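Trainee: give me the fold of what follows.
(chains A and B)
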Amino acid sequence: MAEELVEIQRDADRVIVSPHGDVDMSRSPQLRAALHDALDTRGSLLIVSPHDVGYMDSSGLATLVEAMRTAKRKGTRMVLCGMNPKVKAIFEIARLDQFFVIYDNLEQASKA
Amino acid sequence: MMSDRPDIRVELLSDPAYLSGARELISSVCKRLGFDDLTCSKVALAVDEALCNVIRHGYKYAENRPIWISLWPLRDDAGEVSGIKLVIEDEAPQVDPSCMQGRDLEDVKPGGLGVHIIRDVMDEVCYEARETVGMKLTMIKRMPRSGAPARLSSKADKAG
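Mentor: Next comes the predicted model:
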């Protein structure tokens, strides 16, 4: 189920989670499940790349905050990259652009 | 003068699957009324958050309860669209409107952002109990380029 909305790529020391489409109350549980899977994988870096997300609401933000807390607890570095301006605006409204480390693109995030 | 009768009134069930349809309706109407793309998205976000709050807190995730969305364009003295008024109504248990506050954003934790987002995005936000059952949320967004005030009149406030 989670793979339908969310693509997960695993490398040696990093996991890239790429949600697709809208992340709202009806679909954020799939993102939550995917992030849970990703954080169960041994890796030092978790990159969340919502480059293909056109819309995210507060349930999506809450899912990412929850994942960030879990990542910190497990010693995994979690970063975001590739947001479109509309999605980034939601992070700014919620002042979460200060809480997350956000890169412009995957290349920059991979060097994190 | 704005009519009591909304230009658009939609009834939907409290099923999260219909959130995307509601967003698309609000966003496309805002676009047609002359709002810029980012503002259209933000108004749709505010409506989405309002609907989510009804589903989550009002109806406790029951998916078969009614929610009504009503929409009025606001016009200035020259008849130009100067904003939009949206009303979200439900039949959920009534709560004290003064309790509808966003949480402290300094305390970063999952959840509780909906009311903050609504108040940040919209120019005017008013929670109140409906006359018989349920709650009513009235929101106004003025056209960013418009200098004309588009406040709720007492008559408009009774609409819906």
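
Trainee: hmm, the strand ranked longest in chain A touching chain B?
Mentor: Ranked by number of residues, the top strand in chain A under DSSP state E is strand A:14-23. Yes: against chain B, strand A:14-23 shows contacts by C-beta under 8 Å from any C-beta of the partner chain at A:Asp22. To be clear about C-beta, it is placed using only N, CA and C from the backbone, and glycine gets the same treatment.

Trainee: kindly report the same for stretch A:57-73.
Mentor: Yes: using C-beta under 8 Å from any C-beta, stretch A:57-73 reaches chain B at A:Asp57, A:Ser58, A:Ser59, A:Leu61, A:Ala62, A:Thr63, A:Val65, A:Glu66, A:Arg69.

Trainee: count of neighbours near A:Ala112?
Mentor: 13 (other C-beta atoms under 10 Å in any protein chain shown).

Trainee: for it, give me the pLDDT.
Mentor: We have a pLDDT of 71 for A:Ala112.

Trainee: name the SS class of it, please.
Mentor: Reduced to three states with DSSP: H, G, I helix; E, B strand; the rest coil, the structure at A:Ala112 is coil.

Trainee: who does the residue nearest to it when sequence neighbours are not counted bridge with?
Mentor: Among residues not flanking A:Ala112 along the chain, A:Val79 sits closest, at 4.9 Å (C-beta to C-beta, 6 or more residues apart in numbering or on different chains). Counting by DSSP bridges, A:Val79 forms beta bridges with A:Ile47.

Trainee: distance of A:Val79 from A:Met68?
Mentor: 10 Å (C-beta to C-beta, to the nearest Å).

Trainee: which one of these two is surrounded by more residues?
Mentor: Between A:Val79 and A:Met68, counting by other C-beta under 10 Å, A:Met68 is the more crowded of the two (23 against 20).

Trainee: at the geometric centre of chain A, which residue sits there?
Mentor: A:Val48 (3.1 Å; C-alpha atoms, centre = their mean).

Trainee: which ones are touching it?
Mentor: A:Ile16, A:Val17, A:Ser18, A:Pro19, A:Leu35, A:Leu64, A:Ala67, A:Met78, A:Val79, A:Leu80, A:Cys81 (C-beta atoms under 8 Å, 6 or more residues apart in numbering or on different chains).

Trainee: who's in contact with the helix ranked longest in chain A?
Mentor: Secondary structure of chain A per DSSP state H: the longest helix is helix A:58-74. Applying C-beta under 8 Å, 6+ apart, the contact partners of helix A:58-74 are A:23-25, A:28, A:31-32, A:35-36, A:39, A:46, A:48, A:53, A:77-78, A:80, A:90-91, A:94, A:96, A:99-100, B:49, B:52, B:108-111, B:113-114, B:117.
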